[in-house]
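Peer 1: build me a model:
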Amino acid sequence: MADFVAQAGPLRGLVEDELAKLFTPEGLLTDAEVPPGLAEPMRYALLGGGKRLRPVLCLATCQAVCGDPAPALPAALAIEVLHNYTLVHDDLPCMDDDTLRRGRPTVHAKYGYGQAVLVGDALQAAAFQLALTPPKSHAESTEFVSHAESAENAESGSPAGGSAERSEAEGVVQHSAFGIQHSLCMALACAAGPAGVVGGQWVDVTSSPPHDEARVSYVHAHKTGDLIACACEMGAIAAGAASEEGFGGRSPRSLAREFGRALGLAFQIVDDLLDAEDPAKASELSILRVCTPEEARARARAATERALRALDALAAIPAGRTGSPDGRAPSRPQISALALLRSLAEDQLSRTL
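Peer 2: Now for the predicted structure:
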């Protein structure tokens, strides 16, 4: 991940700065009604480092679609806060029973079992509050595509929504503030809930050897993959991308989700391969329970290829500021974001293959 960490430096720095601001006097997590004793372990859990993979994916996907990561900043924070809630609960004695994370005592090891449960609960709720928070420039950017197209129509002398091609492009964009925040929360809830992360955790916790293909695939898809796919999808939503309309269902939102789902699978397979020699991981559910290391590497390569195909398709779709029906090329910020997403997908393999 070294190349990704370097390339994603500006977006990672933005995420770190904004996470820290949550705990300032004006921040979300220092409201007068939040007990100081609760704010401290929340800060400990959230600001303890990490790659910030999911929020970077969210911001980069937004930038790839509309040319600007800013509309996705609250969503990026939401996905990272929710991810850290899952880590706090995963570490509990009733789950993975880990006492160290990132070289530091886990939340329950430092603050107590009951306290860690409540910290996780608080982070989960805060994630949805963030998902409902418009970006700071929301008043100016809520309908940025509509305003841009109105200006273009005025310059060209054509009426709004004039051509069939423009109508098709407009079909993949949502403009209302309510629609965007509602879609963000729905995506986050689906990824986090019983058909998402919790469902994957449930199957993981309740399963015992021998593990079969279906069980391993389910846990990989939901315990790990859903939040990565959600991060990408939320970035597209924040950029204004609609769900499945236009282009035969190949909208920016659906392609972002497809990219994230394939990337998440490759990410988890590579993690399993890296953990293969760790005695502490010997009893955990792993891809190596159902295939050889060589087969696992082949699966990781195949998943990466699927992710790259989805990314190529995303780059080719005119939606928002990704391009236009008259053939304008993507902007420089969009090209940069697409390159970062491609590098991240490719770098997964170089971690071990």
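
Peer 1: any idea how far the nearest residue to residue 232 once chain neighbours are set aside lies from residue 87?
Peer 2: Counting by CB to CB, 6 or more residues apart in numbering, residue 232 lies nearest to residue 260, which is 3.4 Å off, once chain neighbours are set aside. In this view, the C-beta of every residue, glycine as well, is placed from N, C-alpha and C. Going from residue 260 to residue 87 by CB to CB, to the nearest Å gives 19 Å.

Peer 1: who has more neighbours out of those two?
Peer 2: When residue 260 and residue 87 are compared for neighbours, residue 260 comes out ahead with 31 against 20, by other CB atoms under 10 Å.

Peer 1: and the helix or strand hosting the residue nearest to residue 232, what does it pack against?
Peer 2: Assigned by DSSP states H and E, residue 260 belongs to helix 252-274. In terms of contacts (3 or more CB pairs under 8 Å, 6 or more residues apart in numbering; DSSP states H and E), helix 252-274 is packed against helix 53-66, helix 226-238, helix 293-316, helix 332-350.

Peer 1: how about the strands in the stretch 101-250 of the chain?
Peer 2: Counting by DSSP state E, counting those that start in this stretch, the segments of the stretch 101-250 of the chain that form strands are 104-105.

Peer 1: quick one: low-confidence ranges for this protein?
Peer 2: Scanning the chain for pLDDT under 70 picks out 1-5, 137-177, 242-249, 282, 318-328, 352-353.

Peer 1: swap in 50 and give it another go.
Peer 2: Applying pLDDT under 50 to the chain flags residues 138-175, 319-327.

Peer 1: contacting residues for the residue positioned nearest the centre of it?
Peer 2: For the chain, the residue nearest the mean C-alpha position is residue 231 (1.7 Å; CA atoms, centre = their mean). Shown in contact with residue 231 (CB atoms under 8 Å, 6 or more residues apart in numbering): 53, 54, 55, 57, 58, 61, 76, 79, 260.

Peer 1: check residue 189 too.
Peer 2: Shown in contact with residue 189 (CB under 8 Å, 6+ apart): residue 128.

Peer 1: relative to residue 131, how far out is it?
Peer 2: Applying CB to CB, the value for residue 189 to residue 131 is 9 Å.

Peer 1: OK, contacts around residue 272?
Peer 2: Here residue 272 is in contact with 286, 287, 288, 296 (CB under 8 Å, 6+ apart).

Peer 1: hmm, 10 Å instead?
Peer 2: Neighbouring residues of residue 272 by CB atoms under 10 Å, 6 or more residues apart in numbering: 216, 220, 281, 284-289, 291, 293, 296, 300, 352.

Peer 1: before we move on, what about residue 133?
Peer 2: By CB under 10 Å, 6+ apart, the residues touching residue 133 are 28, 73, 74, 75, 77, 78, 181, 184.

Peer 1: can you tell me what sits against stretch 346-353?
Peer 2: Residues from elsewhere that reach stretch 346-353, judged by CB under 10 Å, 6+ apart: 1-5, 7, 263-274, 276, 293, 296-298, 300-301, 303-304, 307-308.

Peer 1: what about residue 51, neighbour count?
Peer 2: Neighbour tally, residue 51, other CB under 10 Å: 12.

Peer 1: same deal with the one 5 residues further on?
Peer 2: The local packing of residue 56 (other CB under 10 Å) involves 28 other residues.

Peer 1: distance of it from residue 50?
Peer 2: Using CB to CB, residue 56 is found at 11 Å from residue 50.

Peer 1: repeat that for residue 335.
Peer 2: Taken as CB to CB, the span from residue 335 to residue 50 is 27 Å.

Peer 1: with residue 229 instead?
Peer 2: Remark: distance between residue 229 and residue 50 (CB to CB) = 19 Å.

Peer 1: the two: which is more packed in?
Peer 2: A side-by-side neighbour count of residue 229 and residue 50, using other CB under 10 Å, places residue 229 first with 25 against 18.

Peer 1: show me the contacts for that one.
Peer 2: By CB under 10 Å, 6+ apart, the residues touching residue 229 are 57, 187, 191, 196, 221, 256-265.

Peer 1: ok, now how distant is the nearest residue to it once chain neighbours are set aside from residue 103?
Peer 2: Closest residue in space to residue 229, ignoring its immediate chain neighbours: residue 260 at 3.6 Å, by CB to CB, 6+ apart. Distance from residue 260 to residue 103, counting by CB to CB: 28 Å.

Peer 1: same deal with residue 344?
Peer 2: Per CB to CB, residue 344 is found 24 Å from residue 103.

Peer 1: tell me how many other residues crowd residue 337.
Peer 2: When neighbours are counted by other CB under 10 Å, residue 337 registers 26.

Peer 1: distance of the closest residue to residue 296 other than its chain neighbours from residue 273?
Peer 2: With sequence-adjacent residues excluded and distances taken as CB to CB, 6+ apart, residue 296 is closest to residue 287, at 4.9 Å. Distance of residue 287 to residue 273, computed by CB to CB: 8 Å.

Peer 1: what do you get for residue 15?
Peer 2: The value you get for residue 15 to residue 273, if CB to CB is used, is 27 Å.

Peer 1: of those two, who's got more company?
Peer 2: Per other CB under 10 Å, whichever of residue 15 and residue 273 has more neighbours is residue 15, with 22 against 19.

Peer 1: ok, the more buried one touching residue 74?
Peer 2: No. Between residue 15 and residue 74 there is no contact under CB atoms under 10 Å: 11.6 Å.
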